[in-house]
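> let's see this in three dimensions:
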Amino acid sequence: MQNKILTALDIGTTKIVALVGVIEQGNTLTVIGHGIVPSAGLKRGVVVNIEQTTKAIHQAVELAQKMAGQSVQSVIAGIAGSHVQSLNSHGVVPIRQQEVQHADIHRVIEAAKAVAIPADQAILHILPQEFYIDHQDGIQDPIGMSGVRLEAKVHVVTGAVSAIANITKCIEQCHLKVQDLVLEPLASSVSVLSEDEKRLGTCLVDIGGGTTDITVFVGGSVRYSAVIPVAGNQVTNDVAIAFRTPHTAAETLKIEHGSVLTVSEGSSIEVPAIADDRPAQSIDPDQLVLVLHARYEELMQMVAKELNRSQWLPMLASGIVLTGGGSMVRELDQLASQVFQCPVRVAVPELLTGLPDSFAHPKYATAVGLLRYGYQRAIEQPVSSGIPSNTILAKLKRWFHQYF
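Numbers count the residues shown, from 1 in each chain. Just a heads-up that it's a prediction; the model follows:
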């Protein structure tokens, strides 16, 4: 088998990460290049400046290409933002030959996705939850089973056509093809959740720079997903305003000295002023804890409210899993456990061969997950992998024709 090149592109609010991997003989995945650059042109996961975003993507991919010694042709890109919506749907079809074939599964998923979707939304994923054959429920793989009636429950994820179009345009202006668009929290789940957690019931809370993404897994499938437009950048902004310091200094203060519960022992912390001609100030560590505690407690309560609305919270036997760059504040897992009244852990992605140890960090969960997602599709082509990209592109063409 000829080696296959895969490229993952995590287009985040605070950073853009490109990973180049190769599937070698024996179906082993090895990372051969990576590039990380500060993000520009995005706000809360959505492109607000085409030129800046394109430039940042080009820089990240260029760094990864140079390290890999390979030219990148296409990318598996992540997409997120508050424009993402989801719903559960249901489809029913007759089994044509009394034994379930792949064609039957395709037809029942097509039936399940025939739901009313706003004209400005396009389907990103159709994620099967479970199948029924003649009212027998709980079937995960119906291929080869006998019956006359096939039903499917699915989770439908959609995104704003304009947001998808802008992401696609930025990537294509870098002379790259969009191989697939993947919901970022779905990608993160591939890198940080075990199959047991997904089966028993868990909620992945991916705290990024611009948004906090919620994905509930029960019985091995996605049952609920939502986006909260509050995340790490809002916390950093609060720190910057509270202590009158630049955003970069506030981020360093949050990560290196911050905690949400306990004041660390030590003397006061020196904080640089906004203007260079002003002297730095000293703050007590407990002042920083108060700011971080208030904002993170509010965020966790917003997540809890969303989970209560979904009615899945009592089903989360494996508890809550936090990931993303915004989760790296000391004792956040303890604070979250107090809010949710269930076990909470902060997850780092399982490293792929070829990745340095520095990637064992929650902020790289999406990038690593995107590459794993592409790898799984390349070697398995599972039914639950979502819909082909050409379906999204077809809707984009109709949208452009309508408005331009």
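> could you look up the SS state of residue 275?
coil (DSSP: H, G, I helix; E, B strand; the rest coil).
> separation between it and residue 244?
Counting by CB to CB, to the nearest Å, the gap from residue 275 to residue 244 is 10 Å. Glycine gets a C-beta too; all of them are placed from N, C-alpha and C.
> what comes up buried for the helix or strand residue 289 falls within?
Residue 289 belongs to helix 285-310 when assigned by DSSP states H and E. For helix 285-310, burial by neighbour count (16 or more other CB atoms under 10 Å) applies to 285, 288-289, 291-293, 295-297, 299-300, 302-304, 306-307, 310.
> quick one: end-to-end distance for stretch 20-37.
Using CA to CA, to the nearest Å, the end-to-end distance of stretch 20-37 comes to 15 Å.
> ok, residue 96 - contacts?
103-104 (CB atoms under 8 Å, 6 or more residues apart in numbering).
> for residue 364, same thing?
For residue 364, the contacting residues are 10, 17, 349, by CB under 8 Å, 6+ apart.
> next helix or strand past the helix holding residue 289?
The helix or strand immediately downstream of helix 285-310 is strand 320-323, counting by DSSP H and E.
> can I get that following strand in PDB, CA atoms only?
Output of strand 320-323 as PDB, limited to C-alpha atoms (Å, rounded to 0.1, in the frame of the first residue of the first chain):
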ATOM      1  CA  ILE A 320     -17.600  15.300  33.200                       C
ATOM      2  CA  VAL A 321     -14.400  15.500  31.100                       C
ATOM      3  CA  LEU A 322     -12.800  19.000  30.700                       C
ATOM      4  CA  THR A 323     -10.400  19.700  27.900                       C
END
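> list the helices and strands it packs on?
Under the contact criterion of 3 or more CB pairs under 8 Å, 6 or more residues apart in numbering; DSSP states H and E, strand 320-323 touches helix 184-192, strand 202-207, helix 332-340, strand 344-346.
> could those go into TSV alongside mean pLDDT?
Shown next, in TSV, are these (pLDDT from 0 to 100):
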stretch	mean pLDDT
helix 184-192	94
strand 202-207	96
helix 332-340	95
strand 344-346	96
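> that older thread, more neighbours, residue 275 and residue 244?
Using other CB atoms under 10 Å as the criterion, residue 275 and residue 244 rank with residue 244 on top: 14 against 9.
> for that one, list the residues it contacts.
273-274, 281.
> what's the closest of those to residue 55?
In terms of CB to CB, no member of the contacts of residue 244 lies closer to residue 55 than residue 274, at 26.9 Å.
> look up how far residue 250 lies from the closest one.
10 Å.
> what residue ranges in this protein score low on pLDDT?
Residues of the chain meeting the criterion pLDDT under 70: 1-2, 263-266, 277, 381-404.
> domains of it?
For the chain, automatic domain parsing gives the domain ranges 4-80+161-184+354-403, 194-346.
> returning to that earlier point: so between residue 274 and residue 250, which is more surrounded?
For residue 274 versus residue 250, neighbours defined as other CB under 10 Å are more numerous around residue 250 (25 against 12).
> continuing past the strand or helix carrying the more buried one, what's the next helix or strand?
Assigned by DSSP H and E, residue 250 belongs to helix 247-257. Tracing the chain past helix 247-257, the next element assigned as helix or strand by DSSP H and E is strand 269-271.
> other SSEs contacting that following strand?
Under the contact rule (3+ CB pairs under 8 Å, 6+ apart), strand 269-271 is packed against helix 247-257, strand 281-283.
> what residues sit buried inside it?
Buried residues in strand 269-271, counted by 16+ other CB under 10 Å: 269, 271.
> and of the domains of the chain, who's closest to residue 116?
The closest of the domains of the chain to residue 116 is domain 4-80+161-184+354-403. By CB to CB, the value is 14.6 Å.
> quick revisit: out of the helices and strands packed on strand 269-271, which one sits most buried?
Each of the helices and strands packed on strand 269-271 was scored by mean neighbour count; the highest is helix 247-257, a mean of 18, by mean count of other CB atoms under 10 Å.
> what helices and strands are in contact with it?
So helix 247-257, by 3+ CB pairs under 8 Å, 6+ apart, packs with helix 232-243, strand 269-271, helix 285-310.
> and the ones you listed as CSV, adding distance to residue 67?
Putting these into CSV (distance: least, CB to CB, whole Å) gives the following:
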stretch, distance to residue 67
helix 232-243, 27
strand 269-271, 36
helix 285-310, 36
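> so which of the ones you listed is nearest residue 201?
The nearest among the helices and strands packed on helix 247-257, by CB to CB, is helix 285-310 at 11.4 Å.
> for that closest one, what is the distance to the chain centroid?
Centroid separation between helix 285-310 and its chain, computed with CA atoms, centre = their mean, to the nearest Å, is 20 Å.
> just want the angle from it to helix 232-243.
If you take axes from the mean of the first three to the mean of the last three CA atoms, to 10 degrees, helix 285-310 sits at 150 degrees to helix 232-243.
> other SSEs contacting helix 285-310?
Applying 3+ CB pairs under 8 Å, 6+ apart, one finds that helix 285-310 contacts strand 202-207, strand 212-218, strand 221-228, helix 232-243, helix 247-257, helix 332-340.
> what sits up against the fourth one?
Residues lying outside helix 232-243 but in contact with it, judged by CB under 8 Å, 6+ apart, are 13-14, 207-210, 245-247, 249-251, 253-254, 258, 271, 281, 283, 287-288, 291-292, 294-296, 299, 324-326, 329.
> and if you look at the fifth one?
Contacting residues not belonging to helix 247-257 are listed as 235-237, 239-240, 243, 245, 264, 269, 271-272, 285, 288, 292, 328-329 [CB under 8 Å, 6+ apart].
> hmm, 10 Å instead?
Helix 247-257 has contacts (CB atoms under 10 Å, 6 or more residues apart in numbering) with 14, 209, 232-233, 235-246, 258, 264, 266, 269-274, 280, 283, 285, 288-289, 291-292, 295, 325-326, 328-330.
> residue 75 contacts residue 7, doesn't it?
Yes - Residue 75 is in contact with residue 7 according to CB atoms under 10 Å; the separation is 4.7 Å.
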